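In: Quick one: sequence and predicted model below, then my questions.
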Amino acid sequence: MKKKHIHQSMTPTDDTLLNRESWKIFQIMAEFVEGFERLVKIKPSVSMFGSARTPRDHPYYKLTEKISYALSEAGFSVVSGGGPGIMEAINKGAYRGKSPSIGLNIMLPNEQSGNEYQDISLTFRHFFSRKVMFVKYASAYVVMPGGFGTLDELAEILTLVQTGKSRCIPIILVHKPFWSGLIDWIEKSLLTEKMINPEDTKLFQMADTPEEVVDIIFSHYEKTGFEPSAEEQEKLLNL
């Protein structure tokens with residue numbers, strides 16, 4: 001049986017598109033350079049995530065604000081996605097505290113708009129360059145209830161730590177009732193079918209209060225300190 005081949009040739013439209021995509025490299029470079037220059041001094045920092053759709057009177061919003069305030073008062077710069085909902089609560093709590101409140105905003109067609117509680121505000125066109133900024137300077141990840149975007153960020157950091165592409169940091173899922181179904185699925189499906197190793201289930205912890213979140217982070221760094229080792233710095237350089 002003969003294989004079928006699709007004849008391909010460059011058209012003027014293809015050529016124009018290629019030129020636009022090539023120049024896109026410089027836009028991406030600019031996002032990385034600005035991110036590195038403006039965030040290099042925020043350490044130690046905690047990256048926090050959660051839904052953009054949570055209203056201000058929701059218990060999740062109020063809990064998030066308390067957690068970010070506690071982290072800011074403990075000396076951590078607090079980084080969020082810069083948008084509304086839980087992201088706003090993150091920045092609002094940190095803004096009241098003594099450490100910087102940082103928003104890594106993303107340009108979206110229908111949703112994102114920056115909140116007003118940001119000491120440092122950056123805006124990205126590309127999710128992937130924004131993701132690097134969340135990871136690169138983070139001493140911990142705190143994950144509040146959220147949707148696909150929140151799950152995406154959680155999966156990203158779990159994968160980076162699991163594969164050794166990033167240093168091991170505390171990954172804290174807040175509000176056990178919200179996350180219990182996911183944890184059950186991880187243990188009953190992923191672990192049972194050997195899609196992950198048993199030690200992978202120890203990459204994250206769960207908490208319900210601001211005090212628990214702060215204690216988990218300080219306990220993790222009690223012996224090593226927050227500054228990355230030379231080996232960890234090399235990993236972060238090659239994210």
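Out: It's in.

In: List the contacts of the residue nearest to S45 when sequence neighbours are not counted.
Out: Leaving aside its chain neighbours, S45 sits nearest to S77 (3.9 Å; criterion: C-beta to C-beta, 6 or more residues apart in numbering). (C-beta placed from N, C-alpha, C; glycine too.) For S77, the contacting residues are I42, K43, P44, S45, V46, A94, S99, P100, S101, I102, by C-beta atoms under 8 Å, 6 or more residues apart in numbering.

In: confidence score at the fourth one?
Out: What it means is S45. On pLDDT, S45 comes in at 98.

In: burial count for it?
Out: Counted with other C-beta atoms under 10 Å, residues neighbouring S45 total 24.

In: name the helices or strands packed onto the lengthiest helix in the chain?
Out: Longest helix in the chain, counting residues (DSSP state H): helix 12-39. Under the contact criterion of 3 or more C-beta pairs under 8 Å, 6 or more residues apart in numbering; DSSP states H and E, helix 12-39 touches strand 120-124, helix 127-136.

In: what's the average pLDDT for the last one?
Out: The reference is to helix 127-136. 96.

In: do the first one as well
Out: When the per-residue pLDDT values of strand 120-124 are averaged, the result is 96.

In: what angle do that strand and helix 127-136 make?
Out: In terms of direction (axes from the mean of the first three to the mean of the last three C-alpha atoms, to 10 degrees), strand 120-124 departs from helix 127-136 by 150 degrees.

In: Sheet partners, orientation included, of strand 120-124?
Out: With DSSP bridges as the test, strand 120-124 is paired with strand 101-106 (parallel).

In: Pop out the phi and psi values for T192.
Out: phi -60, psi -40 (degrees, to the nearest 10).

In: and after the longest helix of the chain, which helix or strand comes next?
Out: Toward the C-terminus, helix 12-39 is succeeded by strand 45-49 as the next helix or strand (DSSP states H and E).

In: what packs against whatever helix or strand comes next after that following strand?
Out: Later in the chain than strand 45-49, the nearest helix or strand by DSSP H and E is helix 59-73. If contacts are counted by 3+ C-beta pairs under 8 Å, 6+ apart, helix 59-73 sits against strand 45-49, strand 77-80, helix 86-96, strand 171-174, helix 210-220.

In: Check which residues of the fourth one are buried.
Out: This points to strand 171-174. For strand 171-174, the neighbour count (16 or more other C-beta atoms under 10 Å) marks I171, I172, L173, V174 as buried.

In: average pLDDT for the helix or strand following that strand?
Out: Using DSSP H and E, the helix or strand that directly follows strand 171-174 along the chain is helix 176-185. The average pLDDT within helix 176-185 is 98.

In: Show me how far helix 176-185 is from its chain's centre.
Out: Centre-to-centre, helix 176-185 and its host chain are 19 Å apart (C-alpha atoms, centre = their mean, to the nearest Å).
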